[in-house]
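Undergrad: Sequence plus the predicted model coming up.
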Amino acid sequence: MERIVVGVDGSEAAEAALAFAVEEGRVRGAKVEAVMSWHEPYVAPTMVTIEPNAEVFADAAKATLDKAVDALGDTSGVEIERRVLRGNAAGVLLEAAEGAAMLVVGSRGRGGFTGLLLGSVSQQVVQHARCPVVVVPHAAAD
């Protein structure tokens, strides 16, 4: 069965990408892998020692992914696998997309001149993916 990998990050552009991937999965009879990445933020050294709790970050990423998938509504006819993976977004998506039929990501979704630019993650996956990549813009709010 074909796989379509889609990056989810809670943004409007990612919601549009997820909706696109699910519809494409329905048309192709493909499984959709909704992927959310997470990593601990960099914290400058201080006199106070704070141990980051990886579980907190992973749980927050899972909640964001679940919210996005649950908001889709009718997903009948499409198998959706939810994957929460540790690492930077571009690297995680590129690895997850190995052997996939397609990788779908959202654009930055900004209007005007900046709307012509891709976000750093979408730009990286377009340049390095070994499968077709679709960059889906979200509808700009007027």
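TA: Received the coordinates, thanks. Computed from a predicted structure; not experimentally measured. Numbers count the residues shown, from 1 in each chain.
Undergrad: Now do the contacts for the closest residue to residue 101 other than its chain neighbours.
TA: Distances taken as CB to CB, 6 or more residues apart in numbering place residue 2 nearest to residue 101, at 4.2 Å, with adjacent residues excluded. Bear in mind the C-beta positions are built from the backbone N, C-alpha and C, glycine included. Shown in contact with residue 2 (CB atoms under 8 Å, 6 or more residues apart in numbering): 28, 29, 30, 31, 100, 101.
Undergrad: let's see it at 10 Å
TA: For residue 2, the contacting residues are 24, 25, 28, 29, 30, 31, 32, 99, 100, 101, 102, by CB atoms under 10 Å, 6 or more residues apart in numbering.
Undergrad: residue contacts, the second one?
TA: If a contact means CB under 10 Å, 6+ apart, then residue 25 has 1-4, 6, 31-33, 75, 77-80, 101-102, 104 as its contacts.
Undergrad: per-residue confidence at it?
TA: Looking at residue 25, its pLDDT reads 97.
Undergrad: swap in the fourth one?
TA: Listed pLDDT for residue 29 reads 96.
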